[in-house]
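K.L.:
Turn this into a structure:
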Amino acid sequence: MFTIEQREALRDRLLRLAEEDERVVAGAAVGSLAVDEGDRFSDLDLTFGIVDQVPVSDVLNDWRSTLVDELDAVHLADLERGPTIYRVFLLPDELQCDLSMTPAAQFRPAGPRFRLLFGETAAGEPRVATPAAVGDLFISTPVVAGDIFGWGVIYALHARACIERGRVWQAEHYVGAVRDHALALACLGQGLPAVQARGYDDLSGETLARYEYAHVGAADPAALRAALAASVVALMREGAGAHLPHADTVAQRLADLC
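P.N.:
Coordinates of the predicted model:
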């Protein structure tokens, strides 16, 4: 498990990277660390404004190389929301880093948990935007093995944080998400539909037996940890079976959750 000092060192490294990159004109902390010091389990969320003449994806790809080569990061998943691209990384000691980048002309707070660190937000809008009235209940995930695996890992880290914070119902939700992503990977591996649980019941008996302990038996920390451990083991097994290039590395980094 990472330390607060490791998280702060990563933050400082990324801010130096932004300072050295002339394409980056603004930066902000988002999430829990934008409003207070967070806690022992808070991940690192940073967002940056990029000069409008440069594709956001170009900067993210360059930064990805730096994080992978210098910091031994694993790229877990991407998410696009309007002009913004979010990219999630897993570093050693289970440290999750969420980077997002937006063209400077549209670089504005998406909610109240936004603290500008340098540069300026785009003109013409309030510094804290009103949260959208309608949102999605779930994050849409492409039916691609790497994306399914990556989001499963993200949910596993969220589940652990929720358990430690005493948020048992939220933790139960995320444990179920880890299990479902592992089952979706199993469906892909066996040539079955991997969306909306359509292929689950057609998985082999041997496969389904591996999920016997992946269901949460009670809304208490011990039961949640046991189900999370079983779900993570299943997800790691399916990731290895899909021959994902970083599956072994991720399994080693999540060993404490199993």
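
K.L.:
For the stretch 101-250 of the chain, which segments count as strands?
P.N.:
For the stretch 101-250 of the chain, the strands defined by DSSP state E, counting those that start in this stretch occupy 114-118.

K.L.:
now the helices for it?
P.N.:
All helices of the stretch 101-250 of the chain, identified by DSSP state H, counting those that start in this stretch, fall at 145-164, 168-189, 205-209, 221-241, 247-253.

K.L.:
The last one: which residues count as buried?
P.N.:
Right, helix 247-253. For helix 247-253, the neighbour count (16 or more other CB atoms under 10 Å) marks Ala247, Val250, Ala251, Arg253 as buried. Glycine gets a C-beta too; all of them are placed from N, C-alpha and C.

K.L.:
thought the second one was touching Leu235?
P.N.:
No - in this structure, Val250 sits apart from Leu235 without contact. The criterion is CB atoms under 8 Å, and the distance is 9.0 Å.

K.L.:
any common contacting residues for the two?
P.N.:
Each of Phe149, Val153 lies in contact with both Val250 and Leu235 under the rule CB atoms under 8 Å, 6 or more residues apart in numbering.

K.L.:
ok, now how distant is the residue lying closest to Arg210 once chain neighbours are set aside from Ile139?
P.N.:
Once flanking residues are discounted, Arg210 sits nearest to Ala234: 5.7 Å by CB to CB, 6 or more residues apart in numbering. Distance from Ala234 to Ile139, counting by CB to CB, to the nearest Å: 20 Å.

K.L.:
Which one of these two is surrounded by more residues?
P.N.:
Ala234 (23 against 13; other CB atoms under 10 Å).

K.L.:
looking at this protein, which helix or strand is least sure?
P.N.:
Each helix and strand of the chain was given a mean pLDDT (mean pLDDT, DSSP states H and E); the minimum falls on helix 32-35 at a mean of 87.
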